[in-house]
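In: just the structure for this:
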Amino acid sequence: MNLNPFLLFALILAILLILFLVFHLNKLREQIFLIQQVLNDLKGGNLNRRLLTNKQDETRQICLAINEIARNSQTQLILQKQSQQAYKQLMTSLSHDVKTPLASLVGYLEAIEENLVVGEEKDQYIHVAAQKAQHLKQFVEHLFEWVKLDSKEQAFHFVSLDFFELSRNIMADWIPILESHGLSYEIHIPETPCIVSVDVNAYTRILNNLLQNVLVHSQGTQVTLCIQEIKQQVQVSLSDNGKGIAPQNLPHIFDRLYQCDSSRNANGNGLGLAITKELIHALKGTILANSTPGMGTEFLLTFPKTR
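Out: Predicted structure coming up:
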């Protein structure tokens, strides 16, 4: 039987097309099977699995999306484990940092209640108990503030204003405090305006924390604040001439609950600088500390002019 050459060509073309589709479908079936295997592994907790894909693969976009999901899930798992470990360490430290002063406070109050002390000694016990209660109150407030910052629940409200003027206003409130503690001071802030997008409360808290740190820990006699504009940034330098920080302690001063003085009678609660660092990061800034034992400490802050 003679076939029309056109029909013969069409038949051959159809057979080739069918063979191509069969091959293509088999390859697609293999890719889908491999995707199912990887998805099952990911579902089972193996977040290290990845899919290899070529540019011409029909499932390329699906494979890339699955790889991205696996990477993100792995990153979140690592962060979660780190956070869990950090909170375990936090709770361990808190069990001591709260229980110890609380037990001491209870001891003073029991002595007062049972009339074990009288007269001036009783008045002194009441004064010490009030100080310890205030310290615990501040510790709890700082702890809640740090938790809000760490969990990203803290809301920030950025406004554009004169950064130099804001800094002058903050320091104006601190001058009588510094003078009452016998500290001399130098303040160098340019008179020209410098417009910066900043959260006023956060920046105020940052300076307050750093200045409070000087009062409590530095044992210095002078504080120097220098603020200047450098290109698209503002730089804040706060330094003192106090006892300084030992080299082995310097890398850890921004760690939560870290105290350079290991004694439990040390002032402070180890949260002030940790909160300060979190606030600075929220303002897209940076902070560095330089210190020489016996000569003093400098905190160097930088903030972008625009967000």
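In: pop the domain breakdown of this structure in here.
Out: 5-76, 92-150, 159-304 (automatic domain parsing).
In: what about the helices in this structure?
Out: Counting by DSSP state H, the chain has helices at residues 5-43, 60-113, 119-150, 163-180, 200-213, 272-282.
In: which elements pack onto the second one?
Out: This means helix 60-113. Packing partners of helix 60-113 (3 or more CB pairs under 8 Å, 6 or more residues apart in numbering; DSSP states H and E): helix 5-43, helix 119-150. Where you see a C-beta, it was placed from the backbone N, CA and C, and this is true even at glycine.
In: can you check what angle separates it from helix 119-150?
Out: 170 degrees (axes from the mean of the first three to the mean of the last three CA atoms, to 10 degrees).
In: cool, and the fifth one?
Out: Calculated by the same axes, to 10 degrees, helix 200-213 forms an angle of 140 degrees with helix 119-150.
In: next one: the first one
Out: Relative orientation of helix 5-43 and helix 119-150, computed by the same axes, to 10 degrees: 170 degrees.
In: in helix 5-43, what's buried?
Out: The neighbour-count check on helix 5-43 (16 or more other CB atoms under 10 Å) flags 31, 35, 38, 42 as buried.
In: the fourth one now?
Out: Neighbour counts using 16+ other CB under 10 Å place 163-164, 166-167, 170-171, 174, 178 of helix 163-180 among the buried residues.
In: go on, the fifth one?
Out: Along helix 200-213, these residues count as buried under the neighbour rule (16+ other CB under 10 Å): 202-207, 209-211, 213.
In: same thing with the shortest one?
Out: By neighbour count, and taking 16+ other CB under 10 Å as the criterion, the buried residues in helix 272-282 are 272-280, 282.
In: can you say which of the domains of the chain is packed in most?
Out: domain 159-304 (a mean of 16; mean count of other CB atoms under 10 Å).
In: give me the low-pLDDT residue ranges for the stretch 201-307 of the chain?
Out: 257-269, 307 (pLDDT under 70).
In: wait, Gln228 sits on Val234?
Out: Yes - using CB atoms under 8 Å, Gln228 makes contact with Val234 at a distance of 7.2 Å.
In: now distance to Glu191 too, for the helices of the chain, in JSON lines please.
Out: JSON lines is the format used below for these (distance: least, CB to CB, whole Å):
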{"stretch": "helix 5-43", "distance to Glu191": "60"}
{"stretch": "helix 60-113", "distance to Glu191": "44"}
{"stretch": "helix 119-150", "distance to Glu191": "33"}
{"stretch": "helix 163-180", "distance to Glu191": "8"}
{"stretch": "helix 200-213", "distance to Glu191": "19"}
{"stretch": "helix 272-282", "distance to Glu191": "25"}
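In: to Asn249, which of those lies closest?
Out: Closest approach to Asn249 among these (CB to CB): helix 272-282, 11.5 Å.
In: outside of the closest one, which residues touch it?
Out: Helix 272-282 has contacts (CB atoms under 8 Å, 6 or more residues apart in numbering) with 142, 145-146, 149-150, 154, 156, 199, 202-203, 205-206, 209-210, 212-213, 253-258, 286-287, 301, 303.
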